[in-house]
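**Student:** The following comprises the amino acid sequence and a computationally predicted model.
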Amino acid sequence: MRILIVGGGTGGTILANNLARRLASEIRDRKVRLTMLSASDKHMYQPGLLYVAFGQMTPDQLYRDQQSLLEPGIDFHVDPAEEFQLDHNKVVTKSGKTHEYDMLVIATGSRIVPEQIPGMAEGADTFYSEEGAVKMFKRLREIEEGTIAIAVGVPHKCPIAPVELVFSLHDYFTAKGIRDKVKIKYHYPIGRIHTIANVATWAKPEFDRMGIEYETLFNVKEVDAENKVVRSEEGTETKYDMLIAIPPHSGMDVVEKNNLGTGGWIPTDRHRLTMEGYDNVYVLGDTTNLPVSKTGSAAHFEAEVVAENIASIIKIGIPVRDYDGKVYCFIETGHDSATHAMFDYKNPPDLKPSSKPMHWFKMAYNQMYWSSVRGLL
């Protein structure tokens, strides 16, 4: 049995390690071959980028060698997939090597595409890349007064990040003693301040308490970097001194080039996590078109389901679990407090009051992540 995992992010890594342990005897007896293809020999803890943007972490703290995170039974290659021949159970890589498989898992992730909005790449800061997060921190240090505008593009991963950004900005300028000189204005594309109704209900009074201005139904049309104006499709505009964008995302190029899904998102069965039309192809994390948050926790829970099902199919011939849409999110509510939300397909999040202990739990998880991605938590 040949299992091929394409993608070495959170979902792919957790899946590979989980399978390596579940199928240890089969791998040892050469009844199973477990292979991972990745575009990089490094693994990034992506939630840490927000901390980099506020000077709370340095970029080197976000990385580990991918090989060091993998169980010994995994055949790891830094050789990204270029061509998917799903009807022939083959994947061709950048180096030209062909990998045949019996089961394929696609976990290629997503990417930011600020270029889809005119002027955004030139006129806005963002923390969704290492380079962007470092640049944003340097810009924040220069601000003494003025208007900081937050503009949210869609779709984007980590849907709670815009709200965390607001809390972090408020605390940052409060600590500098210039909060009264800095106006923070938040723009969101739908008719409330967050796509998840319960999050919007919880966040609105918090925004009011902090003196945050907000404009809903603001879909970003363009950024005029020269005049420092961000304009909406609805015909409104905001002048700014610094614009922080949550850039729109799409799936990876390789997904679009191989016509696996619209916008780079692969049509995925919401419970079985198989690609529509292919029972032996699974999809994980940001790569799916599922109606769940594109977060590391979603990828984690999905990976556990897929690992258990693949192992079960190999051992007894049938899968044993369905994915229920489970997501768990920490929500930083400043530099010393946090809350959390858990939800699934059927149950909306029920947010609890913020607390310092939850913040320190989140700080601890920043280190625990490396155990989590190894499938040990």
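**Tutor:** Arrived safely. Quick caveat, the model's predicted, so the values are computed rather than measured.
**Student:** Would you state the helices of the stretch 101-250 of the chain in chain order?
**Tutor:** 120-123, 130-142, 161-175, 197-210 (DSSP state H, counting those that start in this stretch).
**Student:** how near is the closest residue in space to V152 that isn't next to it in sequence to E213?
**Tutor:** Closest residue in space to V152, ignoring its immediate chain neighbours: I246 at 4.5 Å, by C-beta to C-beta, 6 or more residues apart in numbering. Every C-beta, even on glycine, is put in place using the N, C-alpha and C of the backbone. Counting by C-beta to C-beta, to the nearest Å, the gap from I246 to E213 is 17 Å.
**Student:** Looking at these two, which has the bigger crowd around it?
**Tutor:** Counted by other C-beta atoms under 10 Å, I246 and E213 do not tie: I246 has more neighbours, with 26 against 13.
**Student:** give the contact list for the more buried one.
**Tutor:** Contact criterion C-beta atoms under 8 Å, 6 or more residues apart in numbering gives T126, Y128, I150, A151, V152, G153, H156, A161, P162, L165 as the residues in contact with I246.
**Student:** Tell me which of those residues fall in strands.
**Tutor:** Taking DSSP state E as the definition of strands, the contacts of I246 contribute I150, A151, V152.
**Student:** So which of the residues you listed is the closest to V255?
**Tutor:** For the ones in strands among the contacts of I246, the closest approach to V255 (C-beta to C-beta) belongs to V152, at 23.4 Å.
**Student:** List the contacts of that closest one.
**Tutor:** With contact taken as C-beta under 8 Å, 6+ apart, V152 is in contact with P162, H187, Y188, P189, V220, A245, I246.
**Student:** Tell me the predicted confidence for it.
**Tutor:** Here the pLDDT value assigned to V152 is 95.
**Student:** Numbering from 42 from now on, please.
**Tutor:** Okay, using 42 as the starting number, the last item reads as V193.
**Student:** do you know how far it is from A202?
**Tutor:** Taking C-beta to C-beta, one finds V193 at 9 Å from A202.
**Student:** that's a helix at F125, yeah?
**Tutor:** No - secondary structure assignment (DSSP: H, G, I helix; E, B strand; the rest coil) places F125 in strand, not in a helix.
**Student:** Please list all residues in contact with it.
**Tutor:** When contacts are counted by C-beta under 8 Å, 6+ apart, F125 is found next to V132, I147, V295, N299, L301.
**Student:** Name whatever forms a beta bridge with it.
**Tutor:** V132 (DSSP bridges).
**Student:** Could you do A382 as well?
**Tutor:** Judged by DSSP bridges, the bridge partners of A382 are C370.
**Student:** Could the C-alpha coordinates of the longest helix anywhere in the chain be exported in PDB?
**Tutor:** As assigned by DSSP state H, the longest helix anywhere in the chain is helix 337-357. What follows is the C-alpha trace of helix 337-357 in PDB, where atoms were taken according to Å, rounded to 0.1, in the frame of the first residue of the first chain:
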ATOM      1  CA  GLY A 337      -4.300  25.000  12.000                       C
ATOM      2  CA  SER A 338      -6.800  23.500  14.400                       C
ATOM      3  CA  ALA A 339      -9.200  22.500  11.600                       C
ATOM      4  CA  ALA A 340      -6.200  20.900   9.800                       C
ATOM      5  CA  HIS A 341      -5.300  19.100  13.000                       C
ATOM      6  CA  PHE A 342      -8.700  17.600  13.600                       C
ATOM      7  CA  GLU A 343      -9.100  16.700   9.900                       C
ATOM      8  CA  ALA A 344      -5.700  15.000   9.900                       C
ATOM      9  CA  GLU A 345      -6.700  12.900  12.900                       C
ATOM     10  CA  VAL A 346      -9.900  11.700  11.100                       C
ATOM     11  CA  VAL A 347      -8.000  10.900   7.900                       C
ATOM     12  CA  ALA A 348      -5.200   9.100   9.700                       C
ATOM     13  CA  GLU A 349      -7.700   6.900  11.600                       C
ATOM     14  CA  ASN A 350      -9.600   6.200   8.400                       C
ATOM     15  CA  ILE A 351      -6.700   5.300   6.200                       C
ATOM     16  CA  ALA A 352      -5.200   3.100   8.900                       C
ATOM     17  CA  SER A 353      -8.600   1.400   9.400                       C
ATOM     18  CA  ILE A 354      -9.000   0.800   5.700                       C
ATOM     19  CA  ILE A 355      -5.600  -0.800   5.600                       C
ATOM     20  CA  LYS A 356      -6.300  -3.000   8.600                       C
ATOM     21  CA  ILE A 357     -10.000  -3.900   8.300                       C
END
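**Student:** So for it, what gets flagged as buried?
**Tutor:** In terms of neighbour count (16 or more other C-beta atoms under 10 Å), helix 337-357 has its buried residues at 337-352, 354-355.
**Student:** and if you look at stretch 43-58?
**Tutor:** 44-58.
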